[in-house]
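Colleague: here's a sequence, model it:
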Amino acid sequence: DSRGLHSDWSACASVRLVVARDVLHPSLRDSLLPGYYASAFAERSSCTGRAHHFALRMRAALAPLLLAASSTRSLSVRRITTKMSAQGVLMTKAGKDGAQGDCPFTQYAAMSMQLAGATYELRPTPQEEKPAWHVDAHGGSMPCWAPNGFADGTDAIADSGGIAKHFLTPSATDTAVMEQCGGLFKGIAMLLKNTDDGKDGELIEGLAEQLDKLEACAFAPYLSGSTPGLADAFVATKLYVLFVAGGHYKDFVLSKRHPKVARYWAAVSAHPAFYRTRYPEAEMLHGWGEARGEGPGCAV
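Modeller: You can find the predicted model right below:
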């Protein structure tokens, strides 16, 4: 009936008022009319007019609180929006249909960022879309890390090694491995770019010597230790090129003299930081096809 309905309404209003009273700033609370709280709980009349008057008084009392809450929410939204808009961007070579283009150096940087737990936006960027600051200050070199977003070049790094080491500080083991395996990618590139089949034997032997150096490393099970680190990002991204492009263009198969490398590849290629940063094999083959004489390809 109407009395029950009013009783329920009054009870709800009382609870809301108690909550409001507890959260209101003291200066606002003290500004309320004397005896306001007591009268709120005492008034349980079924008179519609008095209930309406009570609602108006309650609305007036809570208006500053609601306005403050609205302003606080708006400020929070603005802060969140600003933070999201300032998310760092890793600009990469652009492939077909806007996909990430082929480049082991970009994957080296991206894998290091993944291992470091960094949050970033990957942005394949065609030449015509490169921002002016990128072209002017860095010659448009890829990859390029823009920590303040695509439109802001402040503190940008346009060097894969610089990006990788910015996120992963090299350990003594990382440094030793990277020095020992520093010639690996050159050996891979020389073989892949060679179009004179008569020279392949010599180049394959030179590459095998670089793989010997990798085989001599201490795997535990990764190059950096029990978990992958900078050295793994440096080496694994080069092996990806060897096994995919080398297999395609040179029928390359890892020799039995490198069993540790084979076990290592099986482990590191299955790690999320590696496979999440892979670029499409089709992009790799297209890029190395160009490098073999059909166009500019991936810079080596």
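Colleague: okay, CA-based contacts and neighbour counts for the rest of this
Modeller: OK.
Colleague: now for the helix or strand encompassing Gly161, which elements pack on it?
Modeller: Using DSSP states H and E, the element containing Gly161 is helix 160-167. When contacts are defined as 3 or more CA pairs under 8 Å, 6 or more residues apart in numbering; DSSP states H and E, helix 160-167 packs onto helix 104-115, strand 144-146.
Colleague: for the helix or strand following that helix, which helices and strands make contact with it?
Modeller: Next along the chain after helix 160-167, taking DSSP H and E as the criterion, comes helix 172-180. Helices and strands touching helix 172-180, by 3+ CA pairs under 8 Å, 6+ apart, are helix 200-215, helix 230-241.
Colleague: which strands and helices sit next to the helix or strand that the last one is followed by?
Modeller: Along the chain past helix 230-241, the next helix or strand (assigned with DSSP H and E) turns out to be helix 247-250. The contact analysis (3+ CA pairs under 8 Å, 6+ apart) places helix 247-250 against no helix or strand.
Colleague: which SS state does Ala220 fall under?
Modeller: Of the three states, Ala220 takes coil under DSSP: H, G, I helix; E, B strand; the rest coil.
Colleague: show the contacting residues for it.
Modeller: Applying CA atoms under 8 Å, 6 or more residues apart in numbering to Ala220 gives the contacts Ser226.
Colleague: got a pLDDT number for it?
Modeller: Note on Ala220: pLDDT of 95.
Colleague: tell me how far it lies from Phe105.
Modeller: Distance of Ala220 to Phe105, given as CA to CA, to the nearest Å: 24 Å.
Colleague: run a quick neighbour tally on the residue nearest to Phe234 when sequence neighbours are not counted.
Modeller: Distances taken as CA to CA, 6 or more residues apart in numbering put Tyr108 closest to Phe234, at 5.7 Å, once the chain neighbours are dropped. Neighbour count of Tyr108, defined by other CA atoms under 10 Å: 28.
Colleague: distance between the ends of stretch 238-256?
Modeller: The first and final residues of stretch 238-256 sit 19 Å from each other (CA to CA).
Colleague: 118 is where my numbering starts, stick with that
Modeller: All set: I'll call the first residue 118, so the last point we hit is now stretch 355-373.
Colleague: which parts of that stretch are buried?
Modeller: Buried residues in stretch 355-373, counted by 16 or more other CA atoms under 10 Å: 355-363, 366-367.
Colleague: and what of stretch 229-240?
Modeller: By 16+ other CA under 10 Å, the buried positions in stretch 229-240 come out as 229-233, 237, 240.
Colleague: and the contacts of it?
Modeller: For stretch 229-240, the surrounding residues in contact (CA under 8 Å, 6+ apart) are 204-209, 217, 281-282, 284-285, 345-347, 350, 390.
Colleague: can you check stretch 288-303 too?
Modeller: With CA under 8 Å, 6+ apart as the test, stretch 288-303 has contacts from 324, 327-328, 330-331, 334, 340-341, 346-348, 351-352, 355.
Colleague: related to what we said a few turns ago, tell me which residues touch the residue nearest to Phe351, please.
Modeller: Each residue near Tyr225 by CA under 8 Å, 6+ apart is listed here: 277-278, 281, 350-351, 354.
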